[in-house]
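Colleague: sequence plus predicted model, see below.
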Amino acid sequence: MDAKDNKRAIWVGLFLALGLIVFIVGVFFLGGQQKTFSKSIHIVSVFDDVQGLKAGNNVWFSGVKIGTISKIEFTGPAQVKVLMKIDASNQQYIHRNASARISSDGLIGNKIIVIDGGSPQAPIIQDYNTLQAAKLVSTDDIIKTLQQSNQNVLSMTGDLKLLSRRILQGKGTVGALLADSIMGIQLRAAMSNLATTTAAAARMSAQLETFGKKVNTKGGLADNLFTDTVTFSKAKAAVNQLQQAAASAKAFADNLNDASAKLKSSDNVIGIMLNDPKSAAQLKSIIENAQKGTVLLNEDLKAAQSNFFLKGFFKDQAKAKADSLKKAGKK
């Protein structure tokens, strides 16, 4: 073997060694990405729709990649079973009541599985345990919702267009307000009156608040009436006395009314004198005649006392009267 062949053999050996090194480094690199050489556990979750999820896609937990999807298969009608391989070092942070949902790696990236939730009180996940799958809204559902929203917007736009046309035509209350200047003036006046009424109500409220504070002032009349039983008893007694005085005044007024009614009637002497002039004149004449008769009777008695035949009788009467007075004086 000459030198040329030796040189060729050396270059071939170098290329083979370099290729072997690259192969080994690649195996270790890919194995590190896929967690091939680390201890792992398997977790299962069943979805109704995996939305394009593929084996080899990543599994995330709290923003950290913890494993990959190792297998996807149908397990029943409209159900897809997803088998995830998780790094065993992350097992302690995942609990049985956690849930798995399908998401995207970025806005338009590959589909991934994100594990959410789980409370420390729940037991830690074990190998081949099943996590509950969170139901997500699919893209089709979102599109349907957007279509329905668009239809609603179009319907609202049509209604607004019709309403604005009716307003511009002066139809309806708003249209009348915009088209009729007199109604606008009346509405402005009504709003002014409403503002005045509101201001008056506010002033009244302030006055009531001030009055309430005065009523609640310690030591005031209202406070004494509400809290001091003695003052309240006195006030109650005064009210009772006022009621009695009012009753007495009413009785007195009733008596005056009765007396006035009697004076207006002709059933009594005073009523006749006040209301019947003819009867009053006759009564006055009778009284005058009675007075005249009394004078004449006194004159006749004096004349009888001077009479010879009756003088002794009157003397005996005077003597008997004098004796009675003496006996009465001695007693």
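Modeller: Yep, that arrived. Numbering: from 1, shown residues only.
Colleague: per-residue confidence for residue 65?
Modeller: Per-residue confidence at residue 65 stands at 92 (pLDDT).
Colleague: surely it is within a strand?
Modeller: Yes - the assignment for residue 65 by DSSP: H, G, I helix; E, B strand; the rest coil puts it in a strand.
Colleague: my read is that it contacts residue 59, right?
Modeller: Yes - contact between residue 65 and residue 59 holds when scored by C-beta atoms under 8 Å: they sit 7.1 Å apart. Every C-beta, even on glycine, is put in place using the N, C-alpha and C of the backbone.
Colleague: got phi/psi on residue 118?
Modeller: Backbone torsions for residue 118, taken as degrees, to the nearest 10, come to phi 100, psi 130.
Colleague: likewise for residue 210?
Modeller: As for residue 210, its main-chain torsions (degrees, to the nearest 10) stand at phi -60, psi -40.
Colleague: number of nearby residues for it?
Modeller: 10 (other C-beta atoms under 10 Å).
Colleague: against residue 198, how distant is it?
Modeller: Spatial separation of residue 210 from residue 198 under the definition C-beta to C-beta, to the nearest Å is 19 Å.
Colleague: one more: residue 67?
Modeller: In this structure, residue 67 and residue 198 are 69 Å apart, going by C-beta to C-beta.
Colleague: which of those two has more neighbours?
Modeller: In this view residue 67 and residue 198 are compared by other C-beta under 10 Å, and residue 67 has more residues nearby, 23 against 10.
Colleague: so that one sits right up against residue 86, yeah?
Modeller: Yes - in this structure, residue 67 sits in contact with residue 86. The criterion is C-beta under 8 Å, and the distance is 3.9 Å.
Colleague: what do these two both touch?
Modeller: Counting by C-beta atoms under 8 Å, 6 or more residues apart in numbering, the shared contacts of residue 67 and residue 86 are 40, 43, 59.
Colleague: from those, which land in helices?
Modeller: Here DSSP state H is the test, and the shared contacts of residue 67 and residue 86 give no hits in helices at all.
Colleague: what is the nearest of those to residue 251?
Modeller: residue 43 (103.9 Å; C-beta to C-beta).
Colleague: residues contacting that closest one?
Modeller: With C-beta under 8 Å, 6+ apart as the criterion, the residues that contact residue 43 are 67, 83-84, 86, 94, 100, 125, 128-131.
Colleague: run the last query once more with 7 Å
Modeller: By C-beta atoms under 7 Å, 6 or more residues apart in numbering, residue 43 lies in contact with 84, 86, 125, 129, 131.
Colleague: pull the number of nearby residues for the nearest residue to it once chain neighbours are set aside.
Modeller: Taking C-beta to C-beta, 6 or more residues apart in numbering as the measure, residue 43 lies nearest to residue 84, with 4.6 Å between them; neighbours along the chain are not counted. Look at residue 84: counted by other C-beta under 10 Å, it has 23 neighbours.
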